[in-house]
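In: A structural model of the following input is requested.
(2 chains)
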Amino acid sequence: MKPVMTFALMTLRNLLRRRTIWGISIVILLALFGLGQIPGYGISNEGRFILDFGLFGLEIGALLLAIGLAANIYPRDKEQKTVMPLIAVPLSRGQYLMGRFIGAAMVQAAAMLVGCIGLMVILLMNGLNIPVDLFPATCLLLVEGWFLLAVVFFFSFWTSPPLNAPLTVLLFILSQMSVSGFINILPGAQGFMRFLRLLLPHMDVFHIKDPIAHGVGIPGIYFLLAALYGLAYMAFMLSLALAVFRSRDLK
Amino acid sequence: MKYLKLVILLILISLTGCRIDYDIEEVATPEYLGEIHEHDNVHAETEDNHEHVTDETEVCPVCGDIHDQEHVNEHDSTTISASSRHVHDAGERNHGTEWFFNQPWAAKFIWGKMIRDSIILIILAVAILLASRFRLRKKR
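Out: Predicted coordinates:
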């Protein structure tokens, strides 16, 4: 575990030196700040809109961060030939993947935390209360972001970098659809479409912005169940990514 | 190892969670969905009653007095809101908020399925890891 954590911290430092992460974080904060500037026009429950759009912004931010952080890690290592000496002696392929993933996941967690604090500040600036479930809701969006990070790693081993982002976005959009909505894309092949949908997660599991915005309480156990679901999907995607990486000939 | 993979595959195929995906409406119990239908029927009945009363009598549904036709027309918009627009208690499931309560956090009956899916995904992840490690060793 020690080599993985050392490599993860190395990845963390590498990622923080890149401009991408800062650019995406600034865009998220600017979007949240812009949201706070929209006049209320005397509408009661203005806070609902700020919360709803704010959490939606954090979700899109998680997607952008996943792509921005992980899409270029492996292709760059391969191009600069740094992956070969790493895998040759100190690290196994599994440790390489886990180190890179944990490093990127830590950066994403920090960025989401900053986003959550930004949303809280905007709510306070508008004289609104901060809901109790805002932080757990951000944690669930973070789990969703980690799953997307695993997806980006999987695609980075499997496809070329220009294809990585569109495929991840496509998967993100399709995962938001209900089973019936997904089948309606190709109603002629119901069985096939149902099978395809089975492989994709139900992203609505991570969406609790509606109850939070309307002040409906969520049972505490649900957060644990949703986190377990997201982490299980993340583990599944990471195992697929590792299987592809192990089958790659790096010479 | 070959047999182990086969056994894992057979176990996974035999689990319904690996073959059947679902929408919340698809797997909802009749009692869960019945709440809405019963509620809708009650509303339909009350709306019918309401129309019946206003047709037979000339009593204004807003202020309760008997008025001439012009005055009734003045109240038309409020008459509509009184009969066809009905108010529910906040935070309760009804025909208008069905979409809201058909989300996973509210539909407790799918929480078990979420656990089942998580367990299946972890088993699959372990199976893929073992299979890929076996292939890598075989290659070497």
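In: can you pull the contacts of A:Leu228?
Out: Contact analysis of A:Leu228 by CB atoms under 8 Å, 6 or more residues apart in numbering or on different chains lists B:114-115, B:118. Any C-beta I mention is one placed from the backbone N, CA and C, and that applies to glycine too.
In: make sure it is indeed in a helix.
Out: Yes. Under DSSP: H, G, I helix; E, B strand; the rest coil, A:Leu228 sits within a helix.
In: pLDDT value on it, please?
Out: A:Leu228 is assigned a pLDDT of 94 by the prediction.
In: that one and B:Thr97, how far apart?
Out: The gap separating A:Leu228 from B:Thr97 is 28 Å, by CB to CB, to the nearest Å.
In: and the lengthiest helix in chain B, anywhere near chain A?
Out: For chain B, the helix with the greatest residue count under DSSP state H is helix B:111-139. Yes. Judged by CB under 8 Å from any CB of the partner chain, helix B:111-139 and chain A are in contact via B:111, B:114-115, B:117-119, B:121-122, B:124-126, B:128-129, B:131-133, B:135-136.
In: what's the neighbour count on the spatially closest residue to A:Gly36 that is not a sequence neighbour?
Out: Leaving out its chain neighbours, the residue that sits closest to A:Gly36 by CB to CB, 6 or more residues apart in numbering or on different chains is A:Ile122, at 3.7 Å. If you count neighbours by other CB atoms under 10 Å in any protein chain shown, A:Ile122 ends up with 20.
In: same question, A:Leu16
Out: Count around A:Leu16 with other CB under 10 Å applied: 13.
In: which residues does it contact?
Out: So A:Leu16 contacts A:Val107 (CB under 8 Å, 6+ apart).
In: one more time with 10 Å
Out: By CB atoms under 10 Å, 6 or more residues apart in numbering or on different chains, the contact set of A:Leu16 is A:22, A:103, A:106-107, A:110.
In: give me the element it is part of.
Out: Under the criterion of DSSP states H and E, A:Leu16 resides in helix A:2-17.
In: what's the average pLDDT for that helix?
Out: The model assigns helix A:2-17 a mean pLDDT of 86.
In: most neighbours, which of the contacts of A:Leu228?
Out: B:Ser118 (22 neighbours).
In: report the mean per-residue pLDDT for stretch B:114-123.
Out: 89.
In: buried residues in it?
Out: B:114, B:117-118, B:120-123 (16 or more other CB atoms under 10 Å in any protein chain shown).
In: same thing with stretch A:210-223?
Out: Applying 16+ other CB under 10 Å to stretch A:210-223 flags A:210-213, A:216, A:218, A:222-223 as buried.
In: quick one: A:Met10 from chain B, how far?
Out: Separation of A:Met10 from chain B (CB to the nearest CB, to the nearest Å): 24 Å.
In: spit out the contact partners of that residue.
Out: Contacts of A:Met10 were listed using CB under 10 Å, 6+ apart, and they are A:86, A:99-100, A:103.
In: ditto for A:Phe7
Out: A:86, A:90-91, A:95-100, A:102-103.
In: same thing but at 8 Å, please
Out: A:Phe7 makes contacts with A:86, A:91, A:95-96, A:99-100, A:103, as judged by CB under 8 Å, 6+ apart.
In: need those residues in JSON lines with distance to chain B and neighbour count, can you?
Out: Shown next, in JSON lines, are the contacts of A:Phe7 (distance: CB to the nearest CB, whole Å; neighbours: other CB atoms under 10 Å in any protein chain shown):
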{"residue": "A:Leu86", "distance to chain B": "17", "neighbour count": "18"}
{"residue": "A:Leu91", "distance to chain B": "14", "neighbour count": "19"}
{"residue": "A:Gln95", "distance to chain B": "13", "neighbour count": "18"}
{"residue": "A:Tyr96", "distance to chain B": "13", "neighbour count": "22"}
{"residue": "A:Gly99", "distance to chain B": "17", "neighbour count": "22"}
{"residue": "A:Arg100", "distance to chain B": "17", "neighbour count": "27"}
{"residue": "A:Gly103", "distance to chain B": "21", "neighbour count": "25"}
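In: can you count the residues close to A:Val169?
Out: Residues near A:Val169, counting by other CB under 10 Å, number 14.
In: these two touch, right, it and A:Leu63?
Out: Yes. At 7.2 Å, A:Val169 and A:Leu63 qualify as touching, with contact defined as CB atoms under 8 Å.
In: how about the residues of chain B by chain A?
Out: Near chain A, the residues belonging to chain B are B:18-23, B:26, B:91, B:100, B:103-106, B:111, B:114-115, B:117-119, B:121-122, B:124-126, B:128-129, B:131-133, B:135-136 when assessed by CB under 8 Å from any CB.
In: got a quick PyMOL command for the buried subset of those?
Out: A single PyMOL command selects the buried members of these (16+ other CB under 10 Å):
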select buried, chain B and resi 18+21+22+23+103+104+105+106+111+114+117+118+121+122+124+125+128+129+131+132+133+136
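In: what's around the nearest residue to A:Gln176 once chain neighbours are set aside, how many residues?
Out: Spatially, and ignoring its direct neighbours in sequence, A:Gln176 is nearest to A:Met203 (5.0 Å; CB to CB, 6+ apart). Using other CB under 10 Å, A:Met203 is surrounded by 20 other residues.
In: same question, A:Ser92
Out: The number of residues near A:Ser92, taken as other CB under 10 Å, comes to 16.
In: ok, A:Ala8 next?
Out: 19.
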